[in-house]
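Participant: Take this sequence and fold it.
(one chain, ligands or ions: 2)
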Amino acid sequence: MNAQGATGHLFLEMNEGPKVREALADGAVLLRAFALDGEAGLRTAIERIGSRAPFRHMTTPGGYRMSVAMTNCGRFGWVTDRRGYRYEPMDPDSGCPWPSMPAVFLDLAERAAREAGYAGFVPDACLINRYEPGARLSLHQDLNEEDFDAPIVSVSLGLPATFLFGGEDRVDRARRIRVLHGDVAVWGGPSRLFFHGVAPLKDGDHNVMGRQRINLTLRRAR
Ligand code: MD3
Ligand code: FE
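Facilitator: Residues are numbered from 1 along each chain as shown. Ligands and ions are numbered 1, 2, ... in the order given. This is a model prediction of the structure:
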């Protein structure tokens, strides 16, 4: 959490308090520290999900192992393997349905979406990404959902990360946005199909999450 730099200066990256909003783009809002109240409940829920549907490094259709470890909860889970990217009602590793969506996830997603102007958001899928130092997500669009009118709500926990946030074309210059423990981003409207990714995670030790970052993306898959 606090890092002692090479110069000996103390630098801190901490959230100041609840509910500071920043417009990221048309339709996209960053709610700083929005998930800080209740983050212990989120962590308990993530532990339960990880015990039933363990985090795993999936394979891309091109045959690469993803550096981000993933699991899911809700009626559908996002998966990738040699056959492609898609949502599945069952965990392919266990053959069982994904763990149910915790009420604390549903409630947080609905409140954040409402705050960003998307009232009535009811996610049916939550992809949970776990980043260890060095893990990254290259620039992509989220295209596997049926209804692009529904926003995506993203919740950051643990080590700080840098979102890469481009435009509607892959070549559009990406902005870098630092996200911290408890920050929530809502992507909808014109920004819903924008290219985005996550820069390689810098090493560190977060006071409650340790040497990792966890990102929840709450989605309407069907
Ligand atoms: C911008 N996850 O799982 S969430 C993903 O931090 C994913 O793990 C990242 O991208 C993470 O697909 C980034 C931020 C995000 C999510 C959806 C978006 C940014 C977006 C949809 C449109 C535009
Ligand atoms: Fe994405």
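Participant: which residue ranges form the helices in this structure?
Facilitator: Along the chain, the segments classed as helices by DSSP state H run 39-52, 103-115.
Participant: Output these in TSV; the columns should cover mean pLDDT and mean neighbour count.
Facilitator: (C-beta placed from N, C-alpha, C; glycine too.) Shown next, in TSV, are those (pLDDT from 0 to 100; neighbours: other Cβ atoms under 10 Å):
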stretch	mean pLDDT	mean neighbour count
helix 39-52	98	16
helix 103-115	98	19
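Participant: Out of those helices, flag the one nearest Leu159.
Facilitator: Comparing those against Leu159 with Cβ to Cβ, the closest turns out to be helix 39-52 (14.0 Å).
Participant: now check the closest one, is it near ligand 1?
Facilitator: No. Helix 39-52 stays clear of ligand 1 (Cβ under 6 Å from any ligand atom), getting no nearer than 13.5 Å.
Participant: CA atoms of that helix as PDB?
Facilitator: Extracted in PDB, the C-alpha atoms of helix 39-52 (Å, rounded to 0.1, in the frame of the first residue of the first chain):
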ATOM      1  CA  GLU A  39     -15.600  -4.200   0.400                       C
ATOM      2  CA  ALA A  40     -15.200  -6.800   3.200                       C
ATOM      3  CA  GLY A  41     -18.500  -8.300   2.000                       C
ATOM      4  CA  LEU A  42     -17.200  -8.400  -1.500                       C
ATOM      5  CA  ARG A  43     -14.000 -10.200  -0.400                       C
ATOM      6  CA  THR A  44     -16.000 -12.800   1.500                       C
ATOM      7  CA  ALA A  45     -18.100 -13.400  -1.600                       C
ATOM      8  CA  ILE A  46     -15.100 -13.700  -3.900                       C
ATOM      9  CA  GLU A  47     -13.600 -16.300  -1.500                       C
ATOM     10  CA  ARG A  48     -16.700 -18.400  -1.600                       C
ATOM     11  CA  ILE A  49     -16.900 -18.200  -5.400                       C
ATOM     12  CA  GLY A  50     -13.200 -19.100  -5.700                       C
ATOM     13  CA  SER A  51     -13.600 -22.100  -3.500                       C
ATOM     14  CA  ARG A  52     -16.400 -23.500  -5.700                       C
END
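Participant: between that helix and helix 103-115, how many degrees?
Facilitator: With axes from the mean of the first three to the mean of the last three Cα atoms, to 10 degrees as the basis, helix 39-52 and helix 103-115 are set at 130 degrees to each other.
Participant: what comes into contact with helix 39-52?
Facilitator: 35, 71-73, 96, 99, 102, 104-105, 108, 128, 155, 157, 181-182, 208-209, 214, 216 (Cβ atoms under 8 Å, 6 or more residues apart in numbering).
Participant: State the separation between that helix and the centre of the chain it belongs to.
Facilitator: Counting by Cα atoms, centre = their mean, to the nearest Å, helix 39-52 is centred 15 Å from the centre of its parent chain.
Participant: next one: stretch 141-153
Facilitator: Taking mean C-alpha positions (Cα atoms, centre = their mean), stretch 141-153 and its chain are 14 Å apart.
Participant: now swap in stretch 201-213 and tell me
Facilitator: How far stretch 201-213 lies from its chain's middle: 15 Å, per Cα atoms, centre = their mean.
Participant: re the thing from before, tell me which of the helices of the chain sits nearest to Pro123.
Facilitator: helix 103-115 (5.1 Å).
Participant: what's the closest one in contact with?
Facilitator: With contacts defined as Cβ under 8 Å, 6+ apart, helix 103-115 is touched by 19, 21, 29, 31, 34-35, 38, 41-42, 45, 73, 119-123, 126, 151, 153, 155, 184, 186, 188, 216, 218.
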